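Student: pasting the sequence and the predicted model now:
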Amino acid sequence: MTDKILTFSSEKQSIVTGSALPDDCEPDIISLRPQHFSDYIGQPEMVETLKIAIEAAKQRSEPIEHVLFHGPPGLGKTTMAHIIASEMGGKLTVTSGPALEKGGDLVGVLTHLGEGDILFIDEIHRTPKAVEEFLYPAMEDFAIDFVFDKGVHARSHRYRLKHFTLVGATTRVGMLSSPLRDRFGIFKSLDFYSENDLINITRRSAKLLGLSIDDESALELAKRSRGTPRIVNRLLKRVRDYAQVRSDGTISVETVEAALALEGVDKVGLTNLDRSYIDTIIKFYNGGPVGIDAIAATLQEESDTLVDVVEPFLLKMGFIIRTSSGRKVSETAYRHFGIK
């Protein structure tokens with residue numbers, strides 16, 4: 001039964017990973033990022049909530065409450081931080097949890113924030129515990145406490161901070177400590193985008209890049225982008241390159257299919273790593289259930305990579321099922337691969 005599935009080699013830097021890749025930092029990709037709510041496509045409920053919160057804060061002449069965004073990579077958490085800063089008229093400072101290795105790193109960032117500025121911490125769940133302790137009084141009282149000397153000579157000093165807004169982003173909200181999570185006033189979860197939203201994003205990006213794209217091609221890109229704006233922009237770039245070199249520069253459905261076939265992206269957006277994941281469960285573990293660590297060991301991948309990059313989309317598509325005893329391949333996946 002399992003002989004019909006081919007085994008594919010995994011890709012460390014898959015083109016359809018939601019995580020940021022070096023190419024995503026190029027000027028033309030950065031220019032695709034919306035700067036205002038009027039340019040933002042999708043997530044209507046979240047946008048409406050933030051619009052109301054920002055308008056109310058501006059009327060009271062105070063910063064917006066601290067905001068926490070949760071969701072898979074590539075759905076617009078960083079973009080939303082830029083929009084909040086733009087709408088509030090404050091300066092945006094960007095850092096990440098792993099970059100804040102010591103308490104002094106965070107203190108240096110906090111003391112340089114001005115009134116109404118926005119501090120964005122990506123992967124906030126990976127902030128070291130010692131650093132996180134400095135965030136509690138900073139978020140609640142806009143102050144940080146220093147302790148000088150040791151023992152009987154120890155004395156504490158409280159340094160007042162300007163009123164700022166912390167915007168946190170996490171892909172694993174369960175790994176956030178309760179004291180930190182409870183200090184956020186606004187908590188919003190970003191979901192995968194609909195096909196129509198992705199088509200509109202593709203058209204907008206193509207226009208900004210000076211490309212001409214028809215409705216069929218935009219739909220084909222949307223279908224293969226795993227419900228993620230970052231991926232649809234990345235795929236659009238690859239198709240643009242292919243059309244420029246192998247075609248007359250015009251983007252058509254045939255160009256999209258040929259370009260993405262080279263990248264190993266199939267009709268529904270599955271990659272070599274996705275197919276290897278499903279193939280491994282079927283071939284080595286009779287379709288499951290099997291633990292994530294066993295799958296990771298067989299694929300020689302990090303279990304975090306599978307949980308953060310591979311599984312969210314496979315779960316959304318209904319290709320795998322999480323059970324109390326492990327992961328299991330669904331009937332939908334068997335049908336997709338043509339296996340009885």
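Tutor: Cool, the structure landed.

Student: all contacts plus neighbour counts: C-alpha atoms, from now on.
Tutor: Fine.

Student: and stretch 321-330, what's its mean pLDDT?
Tutor: In this model, stretch 321-330 carries a mean pLDDT of 91.

Student: tell me which residues in it are buried?
Tutor: The neighbour-count check on stretch 321-330 (16 or more other C-alpha atoms under 10 Å) flags 321-322, 327-330 as buried.

Student: and if you look at stretch 51-65?
Tutor: Neighbour counts over stretch 51-65 (16+ other C-alpha under 10 Å) mark 54, 62-65 as buried.

Student: is it possible to get JSON lines of those residues that adds secondary structure?
Tutor: Shown next, in JSON lines, are the buried residues of stretch 51-65 (DSSP: H, G, I helix; E, B strand; the rest coil):
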{"residue": "Ile54", "secondary structure": "helix"}
{"residue": "Glu62", "secondary structure": "coil"}
{"residue": "Pro63", "secondary structure": "coil"}
{"residue": "Ile64", "secondary structure": "coil"}
{"residue": "Glu65", "secondary structure": "coil"}
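
Student: Ile201: which of those is nearest?
Tutor: For the buried residues of stretch 51-65, the residue nearest Ile201 by C-alpha to C-alpha is Ile54; the value is 24.2 Å.

Student: residues in contact with the closest residue to that closest one other than its chain neighbours?
Tutor: Spatial nearest neighbour of Ile54, excluding adjacent residues (C-alpha to C-alpha, 6 or more residues apart in numbering): Ile64 at 5.9 Å. Taking C-alpha atoms under 8 Å, 6 or more residues apart in numbering, we find Ile64 in contact with 53-54, 57-58, 165.

Student: separation between Leu314 and Asp197?
Tutor: According to C-alpha to C-alpha, to the nearest Å, Leu314 stands 20 Å off from Asp197.

Student: no no, Ile339
Tutor: Counting by C-alpha to C-alpha, the gap from Ile339 to Asp197 is 33 Å.

Student: ok, these two, which is more surrounded?
Tutor: Higher neighbour count among Ile339 and Asp197: Asp197, with 17 against 13, using other C-alpha atoms under 10 Å.

Student: what comes up buried for stretch 176-187?
Tutor: By neighbour count on 16+ other C-alpha under 10 Å, the buried set for stretch 176-187 is 181, 183-184, 186.

Student: for that stretch, list the C-alpha coordinates in PDB.
Tutor: What follows is stretch 176-187, C-alpha atoms only, in PDB (Å, rounded to 0.1, in the frame of the first residue of the first chain):
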ATOM      1  CA  LEU A 176       4.300  32.300  27.700                       C
ATOM      2  CA  SER A 177       4.300  32.600  31.400                       C
ATOM      3  CA  SER A 178       1.000  33.600  33.000                       C
ATOM      4  CA  PRO A 179       2.400  36.800  34.600                       C
ATOM      5  CA  LEU A 180       3.600  38.000  31.200                       C
ATOM      6  CA  ARG A 181       0.500  37.000  29.300                       C
ATOM      7  CA  ASP A 182      -1.900  38.600  31.800                       C
ATOM      8  CA  ARG A 183      -0.100  42.000  31.400                       C
ATOM      9  CA  PHE A 184      -1.300  42.400  27.800                       C
ATOM     10  CA  GLY A 185      -4.500  44.300  27.400                       C
ATOM     11  CA  ILE A 186      -5.300  43.200  23.800                       C
ATOM     12  CA  PHE A 187      -4.800  39.600  22.800                       C
END
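
Student: and the contacts of it?
Tutor: With C-alpha under 8 Å, 6+ apart, stretch 176-187 has contacts from 65-70, 124-125, 132, 135-136, 139-140.

Student: now, the most widely separated pair of the residues you listed?
Tutor: Among these, the pair separated by the greatest distance (C-alpha to C-alpha) is His70 and Glu140, at 20.8 Å.

Student: so for those two, which sits in the more crowded spot?
Tutor: His70 (19 against 11).

Student: distance check, the closest residue to the more buried one other than its chain neighbours against Gln300.
Tutor: Leaving aside its chain neighbours, His70 sits nearest to Ser189 (4.7 Å; criterion: C-alpha to C-alpha, 6+ apart). Distance of Ser189 to Gln300, computed by C-alpha to C-alpha: 31 Å.

Student: out of those two, which sits in the busier spot?
Tutor: Set Ser189 next to Gln300 and count neighbours by other C-alpha under 10 Å: Ser189 wins out with 16 against 10.

Student: for that one, give me the pLDDT.
Tutor: Here the pLDDT value assigned to Ser189 is 92.

Student: from what I can see it touches Val67, true?
Tutor: No - taking contacts as C-alpha atoms under 8 Å, Ser189 lies outside contact range of Val67: 10.8 Å.

Student: got the domain boundaries for this structure?
Tutor: With domains defined by automatic domain parsing, the chain comprises 2-11+270-336, 43-189, 195-262.

Student: just name the most buried of these.
Tutor: Stretch with highest mean neighbour count among the domains of the chain: domain 195-262 (a mean of 19; mean count of other C-alpha atoms under 10 Å).

Student: distance from the chain centre to it, please.
Tutor: How far domain 195-262 lies from its chain's middle: 20 Å, per C-alpha atoms, centre = their mean, to the nearest Å.

Student: can you get me the start-to-end distance on it?
Tutor: Using C-alpha to C-alpha, the two ends of domain 195-262 sit 23 Å apart.

Student: got it, and stretch 333-340?
Tutor: Distance between the two ends of stretch 333-340: 10 Å, counting by C-alpha to C-alpha.
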